[in-house]
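1. Turn this into a model:
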Amino acid sequence: MKYAYIPTNLPNPLLLVRIVGIVFILAALSFIFNKYVKIAAYLLAAMLLSFAFIFHLDIYRNAGSDELKVNALINILKDTALAAFALHIAGSADSHGMKF
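-> Residues are numbered from 1 along each chain as shown. Alright, predicted model coming up:
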């Protein structure tokens, strides 16, 4: 089975999708329950930036059509913006959670 947004050189792309889903859920739970917010936000930002500049940039460079290039560029900008917001959350949090 071919996965369009996952590099083909990864040994088990479905496992990567599951791990990323679990990481997103854990980050959301951290934000909801206000526990370990700072570390969760920094790790989420690191993951999103790595996706933007490893996966999406590779797709952008190797895209055959203009439509794929535009979609990859949109994904780079989206992940970068989400990472910036995660860094904003991390900056707003103290070591015990969000300050209200």
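
2. in the longest helix belonging to the chain, what's buried?
-> If you go by DSSP state H, the chain has its longest helix at helix 66-92. Buried residues in helix 66-92, counted by 16 or more other CB atoms under 10 Å: 71-72, 75-76, 79-80, 82-83, 86-87, 89-90. The way it works is simple: take the backbone N, C-alpha and C, and place the C-beta from them, glycine included.

3. how about these in CSV, adding distance to L29 and pLDDT?
-> Formatted as CSV, the buried residues of helix 66-92 follow (distance: CB to CB, whole Å; pLDDT from 0 to 100):
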residue, distance to L29, pLDDT
N71, 30, 88
A72, 30, 86
N75, 25, 88
I76, 27, 91
D79, 21, 92
T80, 24, 94
L82, 17, 95
A83, 19, 96
A86, 15, 94
L87, 19, 94
I89, 14, 91
A90, 16, 90
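
4. Just put those in CSV and tack on distance to I59.
-> What follows is the buried residues of helix 66-92, written out as CSV (distance: CB to CB, whole Å):
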residue, distance to I59
N71, 8
A72, 4
N75, 8
I76, 9
D79, 12
T80, 15
L82, 17
A83, 17
A86, 22
L87, 24
I89, 27
A90, 27
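
5. returning to that earlier point: I'd like to know which elements the longest helix of the chain is packed against.
-> Packed against helix 66-92, as judged by 3 or more CB pairs under 8 Å, 6 or more residues apart in numbering; DSSP states H and E, are the following elements: helix 37-50, helix 57-62.

6. average pLDDT across the last one?
-> Computed over helix 57-62, the mean pLDDT rounds to 83.

7. list the helices and strands that helix packs on?
-> Applying 3+ CB pairs under 8 Å, 6+ apart, one finds that helix 57-62 contacts helix 66-92.

8. which is the next helix or strand following the helix it packs on?
-> strand 93-94 (DSSP states H and E).

9. re the thing from before, which one of the buried residues of helix 66-92 is nearest F31?
-> I89 (7.1 Å; CB to CB).

10. excluding its backbone neighbours, what's nearest the closest one?
-> Using CB to CB, 6 or more residues apart in numbering and skipping the chain neighbours, the partner closest in space to I89 is A41 (4.4 Å).
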